[in-house]
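**Q** Sequence first, then the predicted structure:
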Amino acid sequence: MDIRRLIKTEILNQKAYGIDLSDCPVKLDANENPHDLSPEVREMLHDALKAVFLNRYPDPEARQLKARLARHLNVPADWIMLGNGSDELIQILLAALRTRSGGGVLVPVPTFAMYKITAVNLGHRVIEMPLDGSFDLPGDVGSRWIAGETPDMVFLSYPNNPTGNCFSRAKVAEVLDTAKGIVVVDEAYFHFSGNSFLPEIRDRENLVILRTFSKIGFAALRLGVLIGAPDFLRELNKVRLPYNLNALTQAVGTALLDHEEELNRQVRAIVTERAVLFEELKKIPGIRPWRSDANFILFSCDIDKDRLYKTLVKRGILVKGFSAPESLRHCLRVSVGKKEENRLFIETLRQFADVRE
């Protein structure tokens, strides 16, 4: 049997999302929180898990968790949808979106790869909008890219991954004002920037916001949050699979929201260490770091990027490399790790630059 005959052409031509499986003890590639929880909080989570009946299906609406999140976000519970990570919520949004000639899904370049991958897999026309030289939205974002291309859905990562910056708030507002379709503002890294469009959610009917637990220390939970108007969420719920959020994630997610201060303390530690890491990167010849509002730093290399990457892996340090687009061809991205992990990364980078000199 020729399996290729049965698969959509768009998928045959697609590259899957790449995850480096190198076994490195210092893992600085996936924008994870490097800090563990206190023994007291871990014990509390164990107690929450003990109360879960594994022989029963989870609450299909995750009502307890949604109610707790509603208080946390200061929005009604019927404005919230939960997913198996933001990836599932992106898939739900694009599965519900109609496909038509002349419309499509607009994504900046560069940005989070799963917007384009999922849109292509679901048969949408993808409109790629290059960012400017500062990795901001282009000056003609409203007049050309939104009014001219008339996309049905726009994805804006805020702060943007992998560049780390928040787009100009005025330009994002221009997108929201001009777009006739849905504008998804993905605030996965909100905790590290403090910038959000959530206060505008009730006043903009085309605004949808994504949040996640993954970047603040709970990537293993796979808990994504979508906030949007109830009328829109009712349609999305027709696409969402039943029992999409398992009972263990629901229990842990609910319990964690009662311990926000510990999470905030870890976020503050990462932001402090981000500033130190940025300053150290600036001192290394051949390295240009970009200012970041997230928990990672993108840096360009005048030195041999591929050889540097391999050198880091040999030292047990894993960072994120890029082969596309052109604007990232000489770039690597490093997550902000623990102080000692960042120190080892900087020492290795400095040694590599010195040998080159």
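**A** Happy to help now that I have it.
**Q** Okay, buried residues for stretch 291-308 please.
**A** Within stretch 291-308, the residues that count as buried by 16 or more other C-beta atoms under 10 Å are 292-301, 303, 305, 308. Placement of C-beta: from N, CA and C, glycine included.
**Q** From the opening residue of that stretch to its closing one, how far?
**A** For stretch 291-308, the separation between the terminal residues is 21 Å (C-alpha to C-alpha, to the nearest Å).
**Q** ok, the buried residues of stretch 291-308 vs residue 5, which is closest?
**A** residue 305 (39.2 Å; C-beta to C-beta).
**Q** Give me the phi and psi angles of that closest one.
**A** phi -60, psi -40 (degrees, to the nearest 10).
**Q** Do I have it right that it meets residue 330?
**A** Yes. Using C-beta atoms under 8 Å, residue 305 is in contact with residue 330, at 5.6 Å.
**Q** Report the separation between residue 124 and residue 10.
**A** 9 Å (C-beta to C-beta, to the nearest Å).
**Q** The two - which one has more neighbours?
**A** residue 124 (22 against 14; other C-beta atoms under 10 Å).
**Q** ok, that one - contacts?
**A** 94, 97, 99, 104, 105 (C-beta atoms under 8 Å, 6 or more residues apart in numbering).
**Q** From those, which land in helices?
**A** residue 94 (DSSP state H).
**Q** Now for the contacts of residue 124: which two are most distant?
**A** Maximum distance among the contacts of residue 124 (C-beta to C-beta): 11.0 Å, for 94 and 104.
**Q** what about the helices in this structure?
**A** Under DSSP H, the chain gives helices at 9-12, 39-50, 63-73, 85-96, 113-121, 169-178, 190-193, 230-236, 247-256, 260-282, 305-314, 339-356.
**Q** And residue 58, its phi and psi?
**A** Dihedral angles (degrees, to the nearest 10) for residue 58: phi -70, psi 160.
**Q** doesn't residue 245 make contact with it?
**A** Yes. At 6.3 Å, residue 58 counts as touching residue 245 under the criterion of C-beta under 8 Å.
**Q** So for those two, which sits in the more crowded spot?
**A** It is residue 245, of residue 58 and residue 245, that has more neighbours when counted by other C-beta under 10 Å, with 27 against 20.
**Q** OK, contacts around the more buried one?
**A** 58, 62, 65, 82, 83, 84, 223.
**Q** Any figure for the gap between the third one and residue 280?
**A** This points to residue 65. Counting by C-beta to C-beta - residue 65 and residue 280 are separated by 40 Å.
**Q** Can you measure across stretch 205-223, start residue to end residue?
**A** Note: stretch 205-223 ends 24 Å apart using C-alpha to C-alpha.
**Q** Could you pull out the buried residues of it?
**A** 206-219, 221-223.
**Q** Tell me which of residue 65 and residue 280 has more neighbours.
**A** Between residue 65 and residue 280, residue 65 has the larger neighbour count (other C-beta under 10 Å), namely 26 against 18.
**Q** Which pLDDT value goes with that one?
**A** What the model reports as pLDDT for residue 65 is 97.
**Q** repeat for the one 4 residues further on
**A** Predicted confidence (pLDDT) for residue 69: 97.
**Q** Please apply the same query to residue 356.
**A** 55.
**Q** remind me which residues of this protein are low pLDDT?
**A** For the chain, the stretches flagged by pLDDT under 70 are 355-357.
**Q** Kindly recompute the last result at 90.
**A** Along the chain, segments meeting pLDDT under 90 span 1-23, 36-38, 41, 99-103, 258-263, 302-304, 323-326, 353-357.
**Q** Can you pull up the most central residue in it?
**A** For the chain, the residue nearest the mean C-alpha position is residue 188 (4.6 Å; C-alpha atoms, centre = their mean).
**Q** Among the buried residues of stretch 291-308, which pair sits farthest apart?
**A** So, the buried residues of stretch 291-308 by C-beta to C-beta: farthest apart are 293 and 303, at 26.1 Å.
**Q** Domains in this structure, by residue range?
**A** 18-37+261-356, 51-258 (automatic domain parsing).
**Q** Next, the distance between the ends of stretch 140-155.
**A** 17 Å.
**Q** before we move on, what about stretch 10-27?
**A** 33 Å.
**Q** residue boundaries of the strands in the stretch 101-250 of the chain?
**A** Secondary structure of the stretch 101-250 of the chain by DSSP state E, counting those that start in this stretch: the strands cover 105-109, 126-130, 153-157, 182-186, 207-212, 223-227.
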